[in-house]
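1. Build me a model:
(one chain, ligands or ions: 2)
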Amino acid sequence: MNGHFAPVGNGPAAKQYEHGIQVVDEEKEFNKNLNDYMIETHVAEAGFNYHLISVFGSQSTGKSTLLNHLFGTEFSVMAETERRQTTKGIWMSKNKRESAGAINGSTATTKMAENILVMDVEGTDGRERGEDQDFERKSALFALATSEVLIVNIWEHQVGLYQGANMGLLKTVFEVNLQLFLKDKQQSQTRSLLFFVIRDHIGTTPLSNLRNTLLQDLNKIWSSISKPQGLENSRIDDYFDFAFAALPHKILQPDQFLTEVAKLGSRFTAGHRSTKDQEFVGGVFLPEYHRRIPADGLSMYTEGVWDQIVNNKDLDLPTQQELLAQFRCDEISREVLVAFDSAITPLEDQQAEMLRLGKPFVLPGLGKTGRDARESCIKAFEVQASRYHKGVYTVKRGELETKMDSRLKVLYQGQLLAAHKTGVAAFSDAVTSAVKAGQKAGGSYEFAEIVEKQKRKTLEVFKKEAQSLAISNVPWSNFKSQYHLFERELDEVSARLRKEEMRRLAIRVERWVKSRLGDSIGLEFNKLGSGRGGSGAPASGEKPPTETDLWDRIWDIFTSVVKEAEDRFSERAKSFDASEGEVEVGLWRLRRKSWVALREKIDEEVMESNILMKLRENFEDKFRYDDEGVPRIWRPTDDIEGAYTKARESTLGLIPLLSRFRLAESYGPPDLIGFVGPQPAGAEPEDEEDLLPIGGVDEEEGKSLEEEMTVLSESKRQDLVVRFKKMADGVYVEAKRSAIGGMTQ
Ligand code: GDP
Ligand code: MG
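-> Ligands and ions are numbered 1, 2, ... in the order given. Here you go, the predicted model:
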């Protein structure tokens, strides 16, 4: 045997498919294993790189024998001694030869086209049997719908027998072809090649004559068929191309037969139409014959076609192609999603677990993983599915993208949520610890700078993450709004941290005010003890302090201390970018707290034990020292009583003065309301929480300004007078006694 055999498959199934596969059996059942065969023979993976040809002709005209010689197939043939039908139904086998044309030791061979699938169709000669006719018609339709090349096997002596069985079959072929064409609104129906192989060619009539006879007969048949409306004027060569070959008698001229078969085999290669005269160039496989059904969908497609034919439905190939495309695209989609799934599911699980544990976690490298998984999934889909019906493919590709994107979207949003949460926490921690470090290092740190630096850093991290998740040309993967949301939250956190920083500053300033007031106010009260309006010489030029302007001095000290504190506060607060409103609230609180601190200090000073001592010192100063500050030695002649009365009344005069915070000039309370000022609009309830009510300032508290300015209540005052008098009396008695004692000495 000439030509080279290509092994078909090597699995255990190889043996099973030795004779090819019976695509349709005698019962008109379609073989469910066709796709297995396609896979076994590696045709399934060939995309469009395969060819499908069929053979037609009367029974026992050597069709199977021809195919076996041409393609190295092993279709069963009738033993030469008996004569009965062997091929049942429709068989298919892959071409087992790689090349053809090597004749009688010549090495000049032609490489045949790859992946030629050959269909051996049951022939018929029992044309009187209605059943056979039905099968013949159905198998012809099937072969026509699927095959690029239809080999019409015919004896030489049948040529010109217009009424012969072969011509009847051709009539059927032409009719069903027109039906197919009519259904095909999109004009996707391709042409086919009718390849006449004339057997037992004796050689006396040249092939060209036989060819002309056949063409005449074909045209006759064509004109005799009833054409559907709209196609009345169609011509046979609108749908078919024709090719012819003749073979010598296999038994009588075996060598010539083999030579010619080998030559014939070399025509099963790719070919094209010459642009000049439209003549064929090369082999019989013209691109326009190909049905464009991807190899991995061929079994499904042919099954669908057969199903329609068997059930006598109008064969609608475009619809079949769309259905096939839908089915296959879904199948391919499921297949390619497996890899996507295995890349993405663990990440989804991990994210869900972290969420459940309440630990926001940014999955490392998620953007790349997701993008790669998505891309390779689409690529894989594209490779296989793009061969199918374009419209369906586009839709299914969109569906696949949507499917993946809906999962990536959830995953990415979870990722950004985690990035958001961890980012906010990191920012807050970083600012807080930088402030702490600054405080430790002596408090010279710029809060605003720390915030700005950390914000920039944190935003950069988030931005990187968001950008890493972007997929080009996928609008939902632009996470700008999440970025802005994050930035806004950082600003809110900054504001909160700044507020805390303000509180800390306020506490520091309040402490400072308290300590300053403690010293200065204490000093003012101590001056009372001297009884001569203050101790020591007053600063030159200044009016010497008197007891009556005690409150004026206290108010002055108070307001200047607070003023200084306010300056410190607002200067520092502004340095960390506090808003004017925030500063205003802080100052308002500071003034209030300072007043309360002052009141506390005053209350401390006028506590009974303290004030009584001061009054006693005041009195004793006045009573025991003369106007020059020299201590008096009482003599009996001295007007002790007069001095006593004068000093006592003078000191007693202090009590009403002390009782009320009143300025000397206006003889009224200081303008505390004006000093504190109205509550700023921006002050929040929390600002007031730790603020004690101030009489007159906070009217609704029910305490008047008058009451606020009351240092000693009426009863305390009276009590103080009584105790002071008693004490003064004691001093007087002692003085008296010492005067008398001095005399008796
Ligand atoms: P099929 O039914 O058309 O597939 O025919 P087969 O291939 O089974 O062959 C039927 C018979 O024809 C067999 O006995 C073959 O030996 C014989 N045969 C095969 N090729 C030729 C040929 O070229 N000429 C003649 N006369 N007989 C042939
Ligand atoms: Mg046969």
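2. Off-centre distance for stretch 220-236?
-> Stretch 220-236 sits 60 Å away from the centroid of its parent chain (Cα atoms, centre = their mean, to the nearest Å).
3. Quick one: residues contacting the residue in the stretch 51-200 of the chain that ligand 1 sits nearest to.
-> Nearest residue of the stretch 51-200 of the chain to ligand 1, counting by Cβ to the nearest ligand atom: Gly62, 2.8 Å away. Any C-beta I mention is one placed from the backbone N, CA and C, and that applies to glycine too. Contact analysis of Gly62 by Cβ atoms under 8 Å, 6 or more residues apart in numbering lists 77, 153, 199, 250.
4. Quick check: Ser428 vs ligand 1, distance?
-> 87 Å (Cβ to the nearest ligand atom, to the nearest Å).
5. Wait, that residue touches Val493, no?
-> Yes. Assessed by Cβ atoms under 8 Å, Ser428 is found in contact with Val493 at 5.4 Å.
6. In terms of neighbours, single out the busier of these two.
-> Val493 (20 against 17; other Cβ atoms under 10 Å).
7. can you list contacts of stretch 656-672?
-> Applying Cβ under 8 Å, 6+ apart, the external contacts of stretch 656-672 come out as 547-552, 554-555, 595, 602, 606, 611, 694, 696-697, 705-706, 708-712, 717.
8. can you rerun that using 7 Å?
-> For stretch 656-672, contacts defined as Cβ atoms under 7 Å, 6 or more residues apart in numbering pick out 547-552, 555, 595, 606, 611, 696-697, 705, 708-712, 717.
9. among these, which ones are buried?
-> For the contacts of stretch 656-672, a neighbour count by 16 or more other Cβ atoms under 10 Å gives the buried set as 547, 549-552, 555, 595, 606, 611, 696-697, 705, 708-712, 717.
10. Domain map for the chain?
-> 13-314, 324-478, 495-604+671-708, 606-665+713-745 (automatic domain parsing).
11. about what we covered before: give the single residue among the contacts of Gly62 positioned nearest to Ser54.
-> Set against Ser54, the nearest of the contacts of Gly62 by Cβ to Cβ is Asn153 (10.7 Å).
12. Ignoring the adjacent residues along the chain, who's closest to the closest one?
-> Once flanking residues are discounted, Asn153 sits nearest to Gly57: 3.3 Å by Cβ to Cβ, 6 or more residues apart in numbering.
13. What is the neighbour count of that neighbour?
-> The burial count for Gly57: 25, using other Cβ under 10 Å.
14. unless I'm mixing things up, it is touching Ile154, no?
-> Yes. With contact defined as Cβ atoms under 7 Å, Gly57 counts as touching Ile154 (6.2 Å).
15. Flag the shaky bits of the stretch 151-300 of the chain, pLDDT-wise.
-> The model of the stretch 151-300 of the chain has pLDDT under 70 over residues 162-166, 183-189.
16. give me the residue from it nearest ligand 1.
-> Per Cβ to the nearest ligand atom, Lys250 is where the stretch 151-300 of the chain lies closest to ligand 1, at 3.2 Å.
17. Now the helix or strand that contains Thr302 - C-alpha only, CSV.
-> Assessed by DSSP states H and E, Thr302 sits inside helix 295-310. Extracted in CSV, the C-alpha atoms of helix 295-310 (Å, rounded to 0.1, in the frame of the first residue of the first chain):
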residue,chain,number,x,y,z
ALA,A,295,-14.1,20.9,15.6
ASP,A,296,-14.9,20.7,19.3
GLY,A,297,-18.5,21.6,18.5
LEU,A,298,-18.8,19.4,15.4
SER,A,299,-20.3,16.3,17.2
MET,A,300,-22.9,18.4,18.9
TYR,A,301,-23.7,20.3,15.7
THR,A,302,-24.0,17.3,13.5
GLU,A,303,-26.2,15.6,16.2
GLY,A,304,-28.5,18.6,16.2
VAL,A,305,-28.7,18.6,12.4
TRP,A,306,-29.4,14.9,12.3
ASP,A,307,-32.0,15.3,15.0
GLN,A,308,-33.9,17.8,12.9
ILE,A,309,-33.6,15.7,9.8
VAL,A,310,-34.8,12.6,11.5
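18. Buried residues, the helix or strand containing Leu214. List them.
-> Counting by DSSP H and E, the element that carries Leu214 is helix 207-224. By neighbour count with 16+ other Cβ under 10 Å, helix 207-224 contains the buried residues 210-211, 214, 217-218, 221-222.
19. do stretch 386-404 as well
-> Within stretch 386-404, the residues scored as buried using 16+ other Cβ under 10 Å are 387-389, 392-393, 396-397, 400-401, 404.
20. In TSV, list those residues along with secondary structure and distance to ligand 1.
-> TSV is the format used below for the buried residues of stretch 386-404 (DSSP: H, G, I helix; E, B strand; the rest coil; distance: Cβ to the nearest ligand atom, whole Å):
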residue	secondary structure	distance to ligand 1
Arg387	coil	33
Tyr388	coil	35
His389	coil	36
Val392	helix	39
Tyr393	helix	40
Lys396	helix	42
Arg397	helix	45
Leu400	helix	46
Glu401	helix	51
Met404	helix	52
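21. between those, which is nearest ligand 2?
-> Checking these against ligand 2 by Cβ to the ion gives Arg387 as the nearest, at 32.6 Å.
22. and the residue lying closest to Glu148 once chain neighbours are set aside, how many residues sit next to it?
-> Among residues not flanking Glu148 along the chain, Tyr289 sits closest, at 3.6 Å (Cβ to Cβ, 6+ apart). Tyr289 has 20 neighbouring residues, counting by other Cβ under 10 Å.
23. Next one: Tyr289 from Phe48, what distance?
-> 12 Å (Cβ to Cβ, to the nearest Å).
24. cool, Val261 as well?
-> Note on Val261: its distance to Phe48, by Cβ to Cβ, is 28 Å.
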